[in-house]
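Novice: When you get a sec, could you give me coordinates for this:
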Amino acid sequence: MAREVTGRELLGAALEVFVEKGYHATTISDIVRAAGVTQGTFYLYFKNKADIFSALLEEYRTLIISGLFDVDVASVKTRDDWLRLSDRIAGFLLDHIKTHGEFMRLFIAETTTIGSCFVDEANAFSSGIMREICRLIEHGICLNLLRDIDVEAVALSAFGALKEVVRQSCFDEGTASAEALIPRVIRSQAELLLK
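Specialist: Take a look at the predicted model:
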């Protein structure tokens, strides 16, 4: 009797194979072999390899955005609260790189290369993070904690710095680089905005 598999188990197996081989080198046969199912089972849940990778990107986007920005903005009332929030965001990123760095590298590599077929997913990811950064900055301005600034331009600048430090941490120097850079970059971005 064949065991029953869920879409979630297929996603887990696919993620492991994508991390090991990369998107382009991975085949559906690799994924079903890792999941211990037939190709027919795969097609019950996903149309093709791009479809399962897109589903993984969507899950990853949700995980990152909720982890970074799951904060009750009403609890941020003072300069110290603002700086603690920046430290919490840095801590989440450091923990995530330590525990899921290989996933982060995969998703960065597959969504930011020229000719990537996942541009829409990358744009949705960036838009989600930008919305959250703008939300936090607008809250800080309303509380008179932050300078009156062009929210979108400053959010884009902060996001650019964040993306670059994460990229360096994942591809260049690894965890040691992340531990040195991420807290400094995020804290300095937060401090620059304060009145």
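Novice: give me phi/psi at residue 187?
Specialist: Backbone torsions for residue 187, taken as degrees, to the nearest 10, come to phi -60, psi -40.
Novice: residues in contact with it?
Specialist: Neighbouring residues of residue 187 by CB atoms under 8 Å, 6 or more residues apart in numbering: 83, 86-87, 90. Every C-beta, even on glycine, is put in place using the N, C-alpha and C of the backbone.
Novice: and it, how far is that from residue 161?
Specialist: 11 Å (CB to CB, to the nearest Å).
Novice: before we move on, what about residue 66?
Specialist: Per CB to CB, residue 66 is found 21 Å from residue 161.
Novice: quick one, which of these two is more surrounded?
Specialist: Shown here are residue 66 and residue 161; by other CB atoms under 10 Å, residue 161 has more neighbours (15 against 12).
Novice: Which helix or which strand is home to the residue nearest to the more buried one when sequence neighbours are not counted?
Specialist: Closest residue to residue 161 apart from its sequence neighbours, by CB to CB, 6 or more residues apart in numbering: residue 185 at 5.5 Å. If you go by DSSP states H and E, residue 185 is part of helix 175-193.
Novice: average pLDDT for that helix?
Specialist: Helix 175-193 shows a mean pLDDT of 88.
Novice: quick one, domains of this structure?
Specialist: Following automatic domain parsing, the chain resolves into domains at 1-46, 51-193.
Novice: Give me the buried positions along the lengthiest helix in the chain.
Specialist: Scanning the chain for the helix with the most residues, using DSSP state H, yields helix 79-112. For helix 79-112, a neighbour-count test (16 or more other CB atoms under 10 Å) marks 79, 82-83, 85-86, 88-90, 92-94, 96-97, 100-101, 103-108, 110-111 as buried.
Novice: Look up how far residue 54 lies from residue 41.
Specialist: On the measure of CB to CB, residue 41 and residue 54 end up 19 Å apart.
Novice: Looking at these two, which is more packed in?
Specialist: Neighbour count, other CB under 10 Å: between residue 41 and residue 54, residue 41 has more, with 20 against 17.
Novice: Which strands or helices does the longest helix of the chain pack on?
Specialist: Judged by 3 or more CB pairs under 8 Å, 6 or more residues apart in numbering; DSSP states H and E, helix 79-112 is in contact with helix 7-21, helix 49-69, helix 119-142, helix 151-167, helix 175-193.
Novice: Could you figure out how far the longest one is turned away from helix 79-112?
Specialist: Using axes from the mean of the first three to the mean of the last three CA atoms, to 10 degrees, the interaxial angle of helix 119-142 with respect to helix 79-112 works out to 170 degrees.
Novice: Could you tell me the angle between helix 119-142 and helix 175-193?
Specialist: 40 degrees.
Novice: what mean pLDDT would you report for helix 119-142?
Specialist: 94.
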